[in-house]
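[1] Attaching a predicted model along with its sequence, questions to come.
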Amino acid sequence: MAKNDYYELLGVDRDADQKEIKRAYRKLAKKYHPDMNQEKDTSEKFKEISEAYEILSDPDKRARYDQYGHSGINDQDFNFDDFAQGGFGGLDDLFNMFGFGGGMGGRRKNGPRRGADLQYRMEISFEEAAFGGKKEIRIPREEECDRCDGSGAEPGTDIKTCPECNGQGQVRTSQQTPFGQFTQSRVCSRCGGDGKIIEEACHKCNGSGKVRKQRKLTVNIPAGIDTGTRLRMSGEGQVGEKGGPAGDLYIIIDVQDHKIFDRKGDDLYCEVPISFVQATLGDKIKVPTLEGKVQFDIPEGTQPGTTFRLKNKGITHLNGYGRGDQYIKVKVMIPKDLDDKQKELLTEFAEISGEEINPEHKSFLKKIKDAINI
């Protein structure tokens with residue numbers, strides 16, 4: 001099912017500034033929030049406008065959307081659960097508008113959180129893209145501190161339950177509004193939403209529970225990959241928090257150019273020089289392929305620019321079934337610096353073939369012939 005246009009969802013022009021976008025979102029969020037509107041499909045409508053706001057309020061995501069439409073936005077660009085829990089500031093901003101202070105952000109702070117995704121650009125050779133293989137990379141990322149095991153506390157010291165929020169990480173209050181009674185959750189100011197109080201911070205990670213390291217990884221390169229392909233390595237992104245899962249690592253592929261071959265899809269193209277004699281009489285020549293040189297029969301009378309096909313000599317299809325083809329374009333090389341005998345023979349060939357030769361050139365060749373016969 002096709003998605004609705006983000007600008008139309010918010011009711012703003014494509015050149016709307018951030019103030020207009022925010023104002024439109026607030027108005028619609030107030031109208032369609034499930035706690036304020038019990039009509040059917042309200043929840044789905046609220047998710048749609050929240051997604052539109054998250055994309056259009058971010059300059060990078062908005063630029064990608066303006067250029068490529070929905071195809072320029074991926075699953076990592078919007079997650080409603082993260083949005084609702086304050087990960088993007090979306091509903092926090094909405095609840096602040098209603099006078100609820102801390103909004104909903106406290107719910108997310110104390111619970112497990114998935115680690116951030118990472119991206120890494122990897123350059124590979126033309127041959128690696130064609131045949132696949134393995135490649136080792138090193139990426140900087142945050143990992144669980146091995147001194148405190150991610151707790152953030154110096155080993156041997158205590159971690160106490162926060163007395164302010166009783167370990168919940170949030171303080172709940174109720175407030176009467178024109179729309180009814182709302183229960184507000186705000187982040188506990190004493191523990192910062194952790195629900196725990198660390199007596200002494202870990203000396204290695206300074207209480208964060210994470211340290212930055214260089215991680216060595218082996219990337220499996222599938223045969224047939226091309227520039228721009230994105231490989232996903234699950235769980236190899238940033239470490240999660242509070243026991244949450246790690247994010248993913250996305251490998252963006254850049255394939256080096258080849259000295260001989262050009263690639264179009266899974267087909268290969270190359271140019272092979274032959275002499276005009278080979279083009280005229282035909283010959284057996286050696287043609288380069290990805291696996292090495294193979295013999296190919298040039299038929300007699302081959303014209304300059306003629307293209308031949310070598311079946312199944314191209315790139316392996318990325319799905320693993322079959323290969324593309326290789327196309328050979330012949331380039332007939334015209335000889336230079338012919339001697340007199342070669343020119344004479346060519347002239348005779350032209351006369352036999354009924355081809356007209358420039359008179360001055362013919363006269364010059366005749367003089368040479370006469371001189372030879374003296």
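    Sure, I can see it.
[2] Name the nearest residue to G72, ignoring sequence neighbours.
    R64 (3.8 Å; C-beta to C-beta, 6 or more residues apart in numbering). Placement of C-beta: from N, CA and C, glycine included.
[3] Could you check how many residues crowd around that neighbour?
    The tally of other residues near R64 (other C-beta atoms under 10 Å) stands at 17.
[4] mind checking the SS state of G237?
    coil (DSSP: H, G, I helix; E, B strand; the rest coil).
[5] and it, backbone torsions?
    Phi and psi for G237, reported as degrees, to the nearest 10, are phi -90, psi -150.
[6] where does the closest residue to it other than its chain neighbours land on pLDDT?
    Leaving aside its sequence neighbours, G237 sits nearest to G247 (C-beta to C-beta, 6+ apart; 2.8 Å). Note on G247: pLDDT of 90.
[7] pLDDT weak spots in the stretch 101-250 of the chain?
    Scanning the stretch 101-250 of the chain for pLDDT under 70 picks out the ranges 101-111, 175-182.
[8] residue boundaries of the strands in it?
    Taking DSSP state E, counting those that start in this stretch as the criterion, the stretch 101-250 of the chain contains strands spanning 118-124, 133-144, 159-161, 170-177, 180-187, 196-198, 210-221, 230-233, 249-255.
[9] which stretches of the stretch 201-350 of the chain form helices?
    Shown for the stretch 201-350 of the chain, the helices assigned by DSSP state H, counting those that start in this stretch span residues 276-281, 340-352.
[10] picking up where we left off before, which one of the strands of the stretch 101-250 of the chain lies nearest to G314?
    Proximity to G314, assessed across the strands of the stretch 101-250 of the chain by C-beta to C-beta, is greatest for strand 249-255 (14.4 Å).
[11] buried ones in the closest one?
    L249, Y250, I251, I253, V255 (16 or more other C-beta atoms under 10 Å).
[12] Kindly report the same for stretch 164-172.
    For stretch 164-172, a neighbour-count test (16+ other C-beta under 10 Å) marks C165, G167, Q168, G169, Q170, V171 as buried.
[13] Which single one of those residues is nearest to G132?
    Of these, the one sitting nearest to G132 (C-beta to C-beta) turns out to be G169, at 47.0 Å.
[14] you'd agree the closest one is up against R186?
    No. Using C-beta atoms under 8 Å, G169 is not in contact with R186; the gap is 10.3 Å.
[15] How is this structure divided into domains?
    Residue ranges for the domains of the chain, per automatic domain parsing: 114-154+205-256, 262-333, 340-373.
[16] Save the ones you listed as CSV, and put in distance to S71 too.
    Converted to CSV, the domains of the chain look like this (distance: least, C-beta to C-beta, whole Å):
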stretch, distance to S71
domain 114-154+205-256, 13
domain 262-333, 19
domain 340-373, 58
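[17] which of the ones you listed sits most buried?
    Highest mean neighbour count among the domains of the chain (mean count of other C-beta atoms under 10 Å): domain 114-154+205-256, with a mean of 16.
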